[in-house]
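>>> Take this sequence and fold it.
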Amino acid sequence: MFESEDIVELLIDNIKKIFFPGEWIDLDLKFSKSELFTLLYLGKRKETTMTELVDYINSPMSTATGIVDRLVKSGYIKRGRSETDRRIVVLTLTEEGSKLVDKLKDMMLSYINMAVDDLTEEEERFLTNIVFKIMNNMQKKLQAKIPDDQSGDIIKKINIE
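Residues are numbered from 1 along each chain as shown. Now for the predicted structure:
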């Protein structure tokens, strides 16, 4: 049975092989983590508003605006206006952005396939169940750490003199 420290040592010994092959390094130098999450979110949703993006990447609107500005300038996403309410900014992937998201997904899939290549069907199901259980447990524990006053929208009254 693995001890937690054994898993940490295993990760330390192998993390570079897993997370830093050439294709990841190219992406890491070109995009921030938030930019990659924004692209993947748009790939999944096809279209989103700035408010939805802010909620997803858990950042202030000013930060999300900077992220979107960089991705628009690079030609990966485009801004538009909602057909029903012109005040709402709608974000979509460009063709180049869609190609990049497909490349990212293909790269992730190739790593998953490498990991499960020699597993039996039963082992794959077992692994899938374990991964979902781990992710659910982590999500519950991380949610529990968020103070009550930060879990909802906070409205602050600012006195102007």
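>>> What does the pLDDT read for the most centrally placed residue in the chain?
The centre of the chain sits closest to Phe37, judged by C-alpha atoms, centre = their mean, with a distance of 3.3 Å. Model confidence at Phe37, expressed as pLDDT, equals 89.
>>> And Glu121, by the same measure?
On the pLDDT scale, Glu121 gets 90.
>>> what about Ser34, how many residues close to it?
If you count neighbours by other C-beta atoms under 10 Å, Ser34 ends up with 19. Every residue, glycine included, has its C-beta placed from N, CA and C.
>>> in the helix or strand containing Thr63, what's buried?
Following DSSP states H and E, one finds Thr63 within helix 61-73. For helix 61-73, the neighbour count (16 or more other C-beta atoms under 10 Å) marks 64, 67-68, 70-71 as buried.
>>> ok so, going back, wait, what's in contact with the residue nearest to the centre of the chain?
Neighbouring residues of Phe37 by C-beta atoms under 8 Å, 6 or more residues apart in numbering: 56-57.
>>> Tell me how far it lies from Asn113.
According to C-beta to C-beta, to the nearest Å, Phe37 stands 23 Å off from Asn113.
>>> buried ones in stretch 91-106?
Those would be 91, 93-94, 97-98, 100-101, 104, for stretch 91-106 by 16+ other C-beta under 10 Å.
>>> Kindly reformat those as TSV containing pLDDT.
TSV is the format used below for the buried residues of stretch 91-106 (pLDDT from 0 to 100):
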residue	pLDDT
Leu91	93
Leu93	95
Thr94	94
Gly97	93
Ser98	93
Leu100	90
Val101	91
Leu104	86
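>>> Show me the residues you listed that map onto strands.
Per DSSP state E, strands hold the following members of the buried residues of stretch 91-106: 91, 93.
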